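Student: Using only what follows, build the 3D model:
(2 chains)
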Amino acid sequence: MSEHISSTAAPAPGAARPADGGASPFVPAPGAAPMWRMVCAQAGMELRVMLRHGEQFLLTMVIPVLLLVGFSLTSVLDVGEGPRVDALTPGVLALAIMSTSFTGLAIGTGFERRYGVLKRLGATPLSRFGLLAAKTLAVLGVQVIQIAVLCAVALALGWTPAASFGGAVAAAALVLLATAAFSSLALLMAGTLRAEATLAAANLVYILLLGLGGVLFPVSAFPGPLEAVSSALPITALSEGLRTVLTDGSLPSPGVFAVLLVWAVVGGALAARLFRWE
Amino acid sequence: MDTAAVEVVDLVKRYGATTAVSGLTFRARRGAVTALLGPNGAGKTSTIEICEGFRRADGGSVRVLGLDPVSDADALKPRVGVMPQSGGVPTGARAAEWLRLMASFHTSPVSPDLLLERLGLTSVSRTPFRRLSGGQQQRLSLACAVIGRPELVFLDEPTAGLDPQARMATWDLVAELRGAGVAVILTTHHMEEAERLADHVVIIDRGAVVAEGTPAELAGGRREVCFCTDAPIDADALRDALPAGTRIASARGAGGRREYVIGTDDPEALGPEFLATVTAWCASAGVLAEDLRVRRRTLEDVFLELTGRELRES
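Tutor: Residues are numbered from 1 along each chain as shown, chains lettered A, B, ... in the order given. Below you'll find the model as predicted:
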């Protein structure tokens, strides 16, 4: 042994307890905290980690704001009739929702799995259900911030949303249902692919859905077959649904809810079945 | 409470065609430090991960605090602390923030600030995990394992890659846990660590126990006489001069020198007279015994004897 080790530092096995009299802070006193406290603490941690993550912030905040401002103030993109910001805002909100509940969640969870975080949390009193609840709360928390920021920017650009109580309820239901669908797909991807593959695939899906999903213009602008495919995507259902509520001032069709529901149920069932914690 | 902290009987774990653990049996007492000692690939981590409930055994039985690590996992989680070999913390989480989160999962945790101070992490309490050094990450992971005031902790290579100061801090903490009545199971391939910390050492090689006991029992409290010479000696003649049951091993050293190690089956036989007999024989035979010394056998000697294998340092 080349290191010098002082002989007084660690009592030899079998030696008496340290004679300091006071009780050691390590005397066993195990016990799990109440579930709600664990979930709140974990959700706070997830939220802070998400907001601090530079690339995620780019995806969830910077890009949606830039798209909204850029295409509202220039006429590069043909968004149809009416004020440009009115046509753009619902789609950009939908994109922001997807960036957090799908892309961000998939990449974050994929790397947590890779670095053994999920496994390590599995050894704490926080249950798997508790962890998923915390992740859901954190995603919803980020989305509340995104919606607040994007609505403020849109209003500053002259956005005049069609407002009604029923419309607000419908919009909230669309956002929650879409969050469930995107989150279950994110966990399906993060729980089955390698972290690097998840990173690449989640970004690719983000770009593809940005183009195909009626984010920047209604999918009715697409040729027939493409429109049909696009209408079955969750991002299209969300952006078209929000457009119906916020721009047209009418309630979305049941078909829009049905598309989101099917994605949520299928994605959730597959994720529950295939997700691997390590 | 007379149930063991951990009781493993005939444990078997296979990964495809490879058998990582083959019929391993040991018992770890409560309030004691048990070291699983063995080279890389001996099956230490597989064993510990089965005890932690992370993996399922392919055979045999495992009881942790008298419970089943898989089916009683919910009851065990608050009572058992776990330190994995690496990782386990999100790269963007700050050291103190993550430790506080772990504390919030328990009813009467150790103060996070106290633990950070004890483990020399106060200065990096606001540093994200990915920017901590390897040793700091290890110590944070150790802090997370003990913060809930568990009855039992599993430490998987707690000092691998630590500098001497950090290793001392870890050893001090393990000693204090033991003093406080916590059962500690640690894996190591660091001989000195096992010798210094453990009440009970379980030497594992190729997935099975090859020896176990206290460090003193394992080393047998035996002594050996060692010396070197420039030319071979008549070892048979030397042995005849010594008491019955004496063994002499020789090896070729550097530059044509010979190394001799003289041991006995009877630990009492190797005393002052024995040494005098060796030197007297050397004088009569005209042999100058260089580097002559009497030394105690170490766990390392025992391990090499048992397995014929070098322990590899991390």
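
Student: B:Ala175: which element?
Tutor: Assigned by DSSP states H and E, B:Ala175 belongs to helix B:164-179.

Student: How about that helix and chain A, any contact?
Tutor: Yes. Contact of helix B:164-179 with chain A (C-beta under 8 Å from any C-beta of the partner chain) involves B:Pro164, B:Arg167, B:Met168, B:Trp171, B:Asp172, B:Val174, B:Ala175, B:Glu176, B:Leu177, B:Arg178, B:Gly179. C-betas here are computed from N, CA, C, even on glycine.

Student: Look up which residues are beta-bridged to B:Ala35.
Tutor: Note on B:Ala35: beta-bridge partners by DSSP bridges are B:Leu186, B:Val201.

Student: Quick one: neighbours of it, just the number.
Tutor: Using other C-beta atoms under 10 Å in any protein chain shown, the number of residues around B:Ala35 comes to 31.

Student: any low-confidence regions in chain A?
Tutor: In the prediction, chain A carries residues with pLDDT under 70 at positions A:1-22, A:81.

Student: In it, which residue is most central in space?
Tutor: Centre of chain A computed as the mean C-alpha position; nearest residue by C-alpha atoms, centre = their mean is A:Ser101, 2.2 Å away.

Student: and what of chain B?
Tutor: Chain B has B:Ala194 as the residue nearest its centroid, 3.4 Å off, counting by C-alpha atoms, centre = their mean.

Student: what helices or strands is the host helix or strand of that one leaning on?
Tutor: Using DSSP H and E, the secondary-structure element containing B:Ala194 is helix B:191-197. Helices and strands in packing contact with helix B:191-197 are listed as strand B:33-37, helix B:164-179, strand B:183-188, helix B:299-307; criterion 3 or more C-beta pairs under 8 Å, 6 or more residues apart in numbering or on different chains; DSSP states H and E.

Student: Tell me the gap between that helix and the middle of its chain.
Tutor: On the basis of C-alpha atoms, centre = their mean, to the nearest Å, the separation between the geometric centre of helix B:191-197 and that of its chain is 6 Å.

Student: Mind checking which of the residues of helix B:164-179 next to chain A are buried?
Tutor: The neighbour-count test (16 or more other C-beta atoms under 10 Å in any protein chain shown) applied to the residues of helix B:164-179 next to chain A identifies B:Arg167, B:Met168, B:Trp171, B:Val174, B:Ala175, B:Glu176, B:Leu177, B:Arg178, B:Gly179 as buried.

Student: circling back to that earlier point, the residue nearest to the centre of chain B touches B:Thr34, doesn't it?
Tutor: No. With the criterion set as C-beta atoms under 8 Å, B:Ala194 and B:Thr34 do not qualify as a contacting pair; they are 9.7 Å apart.

Student: Show me whatever sits in contact with both of the two.
Tutor: Counting by C-beta atoms under 8 Å, 6 or more residues apart in numbering or on different chains, the common neighbours of B:Ala194 and B:Thr34 are B:Val201.

Student: Could you pull up the contacting residues of the nearest residue to B:Pro112 once chain neighbours are set aside?
Tutor: Taking C-beta to C-beta, 6 or more residues apart in numbering or on different chains as the measure, B:Pro112 lies nearest to B:Leu99, with 4.5 Å between them; neighbours along the chain are not counted. Under the criterion of C-beta under 8 Å, 6+ apart, the contact list for B:Leu99 reads B:Pro112, B:Leu115, B:Leu116, B:Leu140, B:Ala143, B:Cys144, B:Ile147.

Student: Could you do A:Leu233 as well?
Tutor: For A:Leu233, the residues meeting the contact criterion (C-beta under 8 Å, 6+ apart) are A:Leu209, A:Leu212, A:Gly213, A:Val259.

Student: how close does the first one get to A:Ala87?
Tutor: According to C-beta to C-beta, to the nearest Å, A:Leu209 and A:Ala87 sit 18 Å apart.

Student: Quick check: next helix or strand after the longest helix anywhere in chain A?
Tutor: Of all the segments assigned as helix in chain A under DSSP state H, the longest by residue count is helix A:128-156. Using DSSP H and E, the next helix or strand after helix A:128-156 towards the C-terminus is helix A:165-190.

Student: Centre of the chain to that next one, how far?
Tutor: Relative to its parent chain, helix A:165-190 has a centroid offset of 10 Å by C-alpha atoms, centre = their mean.

Student: coming back round to it: out of the contacts of A:Leu233, which comes closest to B:Leu275?
Tutor: Within the contacts of A:Leu233, the smallest distance to B:Leu275 is 83.1 Å, found for A:Leu209 (C-beta to C-beta).

Student: nearest residue to the closest one other than its sequence neighbours?
Tutor: A:Ile235 (4.4 Å).

Student: need the contact list for the one you found.
Tutor: Contacts of A:Ile235 by C-beta under 8 Å, 6+ apart are A:Ala94, A:Leu95, A:Met98, A:Leu209, A:Leu212, A:Gly213, A:Gly214, A:Val215.

Student: Wasn't it part of a helix?
Tutor: Yes. According to DSSP: H, G, I helix; E, B strand; the rest coil, the state of A:Ile235 is that of a helix.

Student: need the contact list for residue 136.
Tutor: Picking chain A for this. The contact partners of A:Thr136, by C-beta under 8 Å, 6+ apart, come to A:Thr179, A:Ser183.

Student: should've been chain B
Tutor: Under the criterion of C-beta under 8 Å, 6+ apart, the contact partners of B:Gln136 comprise B:Ala95, B:Leu121, B:Val124, B:Thr127.

Student: Most neighbours among those residues, please name it.
Tutor: Neighbour-wise, the contacts of B:Gln136 (other C-beta under 10 Å) top out at B:Ala95, 27 neighbours.

Student: Quickly note the distance from that one to chain A.
Tutor: Distance, B:Ala95 to chain A, using C-beta to the nearest C-beta, to the nearest Å: 13 Å.

Student: Got the phi and psi for that residue?
Tutor: In terms of degrees, to the nearest 10, the main-chain angles of B:Ala95 are phi -50, psi -60.

Student: Touching, it and B:Leu121? I think so.
Tutor: Yes. Shown here, B:Ala95 and B:Leu121 form a contact pair, counting by C-beta under 8 Å, at 5.7 Å.

Student: picking up where we left off before, so the residue nearest to the centre of chain A is in contact with A:Ala178, correct?
Tutor: Yes. In this structure A:Ser101 lies within contact range of A:Ala178 using C-beta under 8 Å: 7.3 Å.

Student: follow-up on the earlier one: nearest to B:Glu7, of the contacts of A:Ile235?
Tutor: A:Met98 (50.8 Å).

Student: Might you report the residue contacts of A:Gly82?
Tutor: Residues A:Thr247 are the ones in contact with A:Gly82 under the rule C-beta under 8 Å, 6+ apart.

Student: so where do the helices sit in the chain?
Tutor: I'll assume chain A. A:35-52, A:54-57, A:63-73, A:84-98, A:105-114, A:117-121, A:128-156, A:165-190, A:195-212, A:224-231, A:234-243, A:254-274.

Student: that answer is for a different chain, and I need it for chain B
Tutor: Assigned by DSSP H, the helices in chain B fall at B:44-51, B:73-76, B:95-104, B:112-118, B:134-146, B:164-179, B:191-197, B:215-219, B:235-241, B:272-285, B:299-307.

Student: What is the last one packed up against?
Tutor: Judged by 3+ C-beta pairs under 8 Å, 6+ apart, the packing partners of helix B:299-307 are helix B:191-197, strand B:200-205, strand B:208-213, helix B:215-219.

Student: Could you export those as TSV, including mean pLDDT?
Tutor: Compiled in TSV, the helices and strands packed on helix B:299-307 are given as follows (pLDDT from 0 to 100):
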stretch	mean pLDDT
helix B:191-197	87
strand B:200-205	92
strand B:208-213	90
helix B:215-219	81
